[in-house]
Structure formats: structure tokens, C-alpha cells
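Asks: Predicted model follows, preceded by the sequence.
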Amino acid sequence: MLPRDPQADIGRRAWVACPNCDDRQGCGDCEQDRTCSEHWRYLLSNTGSLLHLQCRSCTHVWTHETGFGATRSVWQRITGAR
């Protein structure tokens, strides 16, 4: 288990499913795509539409492409280039 990232700030949160654990399973709010007070992720940083997140349950760190307001080209999103 990783320690909490030093950039983790409770003031910067995102509600995205963690690809490592299934902590949202059984949560009525999460299953209806509503924000809940328990299953949020630390938003460590972002590059355009690419979010850098850490799960507060299992401390897994990953990136998530939202595709919303993308400032990177489609080619950059496909290849992972920044």
C-alpha cells in the first residue's frame, strides 16, 4: 500500500471509480452517479482533461482521461503523450 501523496488535498476531490478497488460497490449514491461524502478521490493534479488521482481507500494512484474540455489532441490522448 502506498502512502498518501504529499500533493493530496481534501479541497481538491474527484468522484471517479478507482480501477484498483471496488469501494463504491453497494453505495446508493455512487450507483446512481451522485457524489457522496465517502467515495471521492484526491485530485492530485490535471493536464487538460487528464486527471491524476489517488484513491483514499486503497491509495492507488492512476490517471483518468475525462475527454471533457480536452486541450490535448486526439492523437495525444490515444498515445498518452503529454
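Replies: Done, it's in.
Asks: Which strand or helix spans the residue nearest in space to the middle of the chain?
Replies: The centroid of the chain falls nearest to Leu53 when counting by C-alpha atoms, centre = their mean (4.0 Å). Taking DSSP states H and E as the criterion, Leu53 maps to strand 50-55.
Asks: Tell me how far the residue lying closest to Trp15 once chain neighbours are set aside lies from Cys58.
Replies: Spatial nearest neighbour of Trp15, excluding adjacent residues (C-beta to C-beta, 6 or more residues apart in numbering): Thr35 at 4.9 Å. To be clear about C-beta, it is placed using only N, CA and C from the backbone, and glycine gets the same treatment. When distance is defined by C-beta to C-beta, to the nearest Å, Thr35 is 19 Å away from Cys58.
Asks: do the same with Arg4
Replies: Counting by C-beta to C-beta, the separation of Arg4 from Cys58 is 11 Å.
Asks: quick one: least confident helix or strand in this protein?
Replies: Lowest mean confidence among the helices and strands of the chain (mean pLDDT, DSSP states H and E): helix 74-79, at a mean of 60.
Asks: list the contacts for Trp40?
Replies: 13-15, 56 (C-beta atoms under 8 Å, 6 or more residues apart in numbering).
Asks: mind running it again at 6 Å?
Replies: By C-beta atoms under 6 Å, 6 or more residues apart in numbering, the contact list for Trp40 reads 13, 15.
Asks: Please report how far it lies from Asp29.
Replies: In this view, Trp40 and Asp29 are 11 Å apart by C-beta to C-beta.
Asks: Kindly report the same for Thr63.
Replies: Using C-beta to C-beta, we find Thr63 at a distance of 24 Å from Asp29.
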